[in-house]
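**Q** Following is a predicted model, sequence given first.
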Amino acid sequence: MALSIGFLVQAYKGFREYFARGRWNLRRFVETGGMPSSHAASVAALSTMVGLSQGFRSVVFGVTLFFSLIVMYDAAGLRRAAGRQAVVLNRLIEEHFAHPEAGAQRLMELLGHTPLEVLIGALLGVASALIWTRIT
């Protein structure tokens, strides 16, 4: 179920891109970053499902919650900082080199998430887990 919500959120990003721009960008179906965070949705759904099935005071819930928080912190912190650095490095290369190396790849800029993107992803994950347990 947690994996499914991650795929659904990622698919949403791809379709949203199509409806916003009128053309398909298939990379959006697999790229990191953007609203909402599919990583946060997946790990929040997993933690919620474990809490509901094993108890919110269980060791396994504590472990999944701990790793979920690490994933969400990484998405909004470390990966976001790496994305910002990629923007600066790409700009420096474009501005200071008249002919950048042929075939040199630009650094990927959309790596992390804003705290709001992570929060919305986490809320979607918790909500989807609660809905899932109600209908099954």
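**A** Alright, I've got the coordinates.

**Q** Flag the shaky bits of the chain, pLDDT-wise.
**A** Residues of the chain that meet the criterion pLDDT under 70 lie in 79-80, 97-104, 106-112.

**Q** Taking the centroid of it, which residue is nearest it?
**A** Residue closest to the average C-alpha location in the chain (CA atoms, centre = their mean): residue 37, at 3.2 Å.

**Q** separation between it and residue 19?
**A** According to CB to CB, to the nearest Å, residue 37 stands 20 Å off from residue 19. All C-beta spots, glycine's among them, are computed from the backbone N, C-alpha and C.

**Q** what's the answer for residue 86, then?
**A** Relative to residue 19, residue 86 is positioned 27 Å away (CB to CB).

**Q** these two touch, right, residue 49 and residue 2?
**A** Yes. Applying CB atoms under 8 Å, one finds residue 49 in contact with residue 2, separated by 6.4 Å.

**Q** Overlap in contacts, the two.
**A** Shared contacts of residue 49 and residue 2 (CB atoms under 8 Å, 6 or more residues apart in numbering): residue 129.

**Q** what's residue 35 sitting at in phi/psi?
**A** With angles defined as degrees, to the nearest 10, residue 35 sits at phi -90, psi 130.

**Q** Grab the nearest non-local neighbour of it.
**A** residue 117 (4.8 Å; CB to CB, 6 or more residues apart in numbering).

**Q** Next, work out how far apart the one you found and residue 38 are.
**A** Plainly put, residue 117 is 10 Å away from residue 38 if you go by CB to CB.

**Q** coming back round to it: check the secondary structure at the residue nearest to residue 35 for me.
**A** helix (DSSP: H, G, I helix; E, B strand; the rest coil).

**Q** check contacts around it.
**A** The neighbourhood of residue 117, defined by CB under 8 Å, 6+ apart, consists of 33-37, 40, 75-76.

**Q** Those in helices, which ones?
**A** 40, 75-76 (DSSP state H).

**Q** Quick one: those as a markdown table, columns for distance to residue 121 and neighbour count too.
**A** Converted to a markdown table, the ones in helices among the contacts of residue 117 look like this (distance: CB to CB, whole Å; neighbours: other CB atoms under 10 Å):
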| residue | distance to residue 121 | neighbour count |
| --- | --- | --- |
| 40 | 3 | 27 |
| 75 | 8 | 26 |
| 76 | 10 | 21 |
